[in-house]
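Chemist: need coordinates for the following:
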Amino acid sequence: MQKAHALCLPSVRESGGAVLLEAMSSARPVIALDYGGPAEIVNAQVGALVAMQTPEQVTADLYHLLIDIFEHPALWEKRPIQARKEAEEKIHKMYDYLLKNYIINAAAASKNVLLRSE
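Modeler: Below is the predicted model:
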């Protein structure tokens, strides 16, 4: 990941986007389709989302974004810094949620009750 200029995830089957968080935590801008989990992770400050219209349009948009990274590096230079910051925030929020639920369920385990925090 350290040698990559960016991560491009053109998948419609990516439900969570963990690989995007991995790239962002490595301070890499990310490009993904505006669909599912990636649409909740990627924004203009960390990379770019590609609208899903036709396969030809998606291919053309991805191509132009990848070329843009090399032809206009100044436009992309702040995105890795913001990507890392946002990835750290999202990962900490996720771990806090998991830890909170673990603690709640560990306390409830003696009563054979499964609880979930909101």
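Chemist: please make it C-alpha for all contacts and neighbour counts, starting now.
Modeler: Will do.
Chemist: so Ala39 touches Leu49, yeah?
Modeler: Yes. Using Cα atoms under 8 Å, Ala39 is in contact with Leu49, at 7.0 Å.
Chemist: could you pull out the helices for the protein?
Modeler: 18-25, 36-41, 55-71, 73-76, 79-108 (DSSP state H).
Chemist: what about Asn43, distance to Asp96?
Modeler: Using Cα to Cα, to the nearest Å, Asn43 is found at 23 Å from Asp96.
Chemist: joint contacts of Ala39 and Leu49?
Modeler: 32-33 (Cα atoms under 8 Å, 6 or more residues apart in numbering).
Chemist: who has more neighbours, the two?
Modeler: Leu49 (24 against 18; other Cα atoms under 10 Å).
Chemist: buried ones in stretch 58-68?
Modeler: Using 16 or more other Cα atoms under 10 Å as the test for burial, stretch 58-68 gives 58, 61-62, 65.
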